[in-house]
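Undergrad: Here's my sequence, what's the structure:
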Amino acid sequence: MPILDAIFGRRSVRRYKKKPVPRKVLRNVLEAGRLAPTANNAQPWHFIVVTDPEVKRALSRGRWNKFIEDSAFTVVGCGERASRWSTIDVAIALENMVIAAEAQGVGSCWVGDFKEGQVRKLLGIPGNLKVVCLVSFGYPDEKPRAPNKKSLEEIVHYNAF
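TA: Numbers count the residues shown, from 1 in each chain. Below is the predicted model of the structure:
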């Protein structure tokens, strides 16, 4: 799939088929994250790939995040607390993963609604790391409509606001 098609066509998927993602596809997704740019090439990230059904169930918080439980896998992106830019760097890496997944026919959904303490305890995340975001992945069992977006003229400014 051409890269612009992947970017322009990507939607947040909250219903997944009960179908595993092949190891090669998963590896491509993770490799896309690993190769993301980072400030000073610090690479202040760690990614936890959750495939265990019980752990995914524990990460699912009620009806809002039920789709985590149904995902083929969920990536928990963590950044080093000591790194000033780790939140941005982890977000860039996760976005690379999302685009790489879309290009291979795998859907995804960003999850910002989580309790860091619970995620940290569940996954044994050390204190020097912060949980930046979770992203669920799997083969889509829905085709969400494109959301309304503001026009470029409303959001882009050149040389000054």
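
Undergrad: Quick check: pLDDT value at the residue nearest in space to the middle of the chain.
TA: Averaging the C-alpha coordinates of the chain gives a centre point, and the residue nearest to it by C-alpha atoms, centre = their mean is Val135 (3.1 Å). At Val135, the predicted lDDT confidence score is 98.

Undergrad: after the helix or strand hosting it comes which helix or strand?
TA: Using DSSP states H and E, Val135 sits within strand 129-138. Next along the chain after strand 129-138, taking DSSP H and E as the criterion, comes helix 152-155.

Undergrad: how about low-confidence regions in this protein?
TA: For the chain, the stretches with pLDDT under 70 are 62-63.

Undergrad: what about the nearest residue to Arg11 once chain neighbours are set aside, neighbour count?
TA: Here the nearest residue to Arg11 in space, its sequence neighbours aside, is Pro144; by C-beta to C-beta, 6 or more residues apart in numbering that works out to 4.1 Å. In this view, the C-beta of every residue, glycine as well, is placed from N, C-alpha and C. Counted with other C-beta atoms under 10 Å, the neighbours of Pro144 add up to 14.

Undergrad: need the contact list for Pro144.
TA: Contacts were defined as C-beta atoms under 8 Å, 6 or more residues apart in numbering; by that measure Pro144 touches 11-14.

Undergrad: ok, it to Ser83 distance?
TA: According to C-beta to C-beta, to the nearest Å, Pro144 and Ser83 sit 34 Å apart.

Undergrad: Where does Gly33 sit: helix, strand or coil?
TA: Classification of Gly33 into helix, strand or coil gives helix, according to DSSP: H, G, I helix; E, B strand; the rest coil.

Undergrad: Near it, how many residues? Count them for me, please.
TA: Should you count by other C-beta under 10 Å, Gly33 turns out to have 21 residues around it.

Undergrad: From the chain's centroid, how far away is the helix or strand in which Val55 is found?
TA: In this assignment (DSSP H and E), Val55 forms part of helix 53-59. Taking the mean of its C-alpha atoms, helix 53-59 sits 17 Å from the chain's own mean (C-alpha atoms, centre = their mean, to the nearest Å).

Undergrad: Next: stretch 45-54.
TA: Relative to the mean C-alpha coordinate of its chain, stretch 45-54 is positioned 11 Å out (C-alpha atoms, centre = their mean).

Undergrad: got the buried residues for that stretch?
TA: Of the residues in stretch 45-54, those with enough neighbours to count as buried (16 or more other C-beta atoms under 10 Å) are 45-48, 50.
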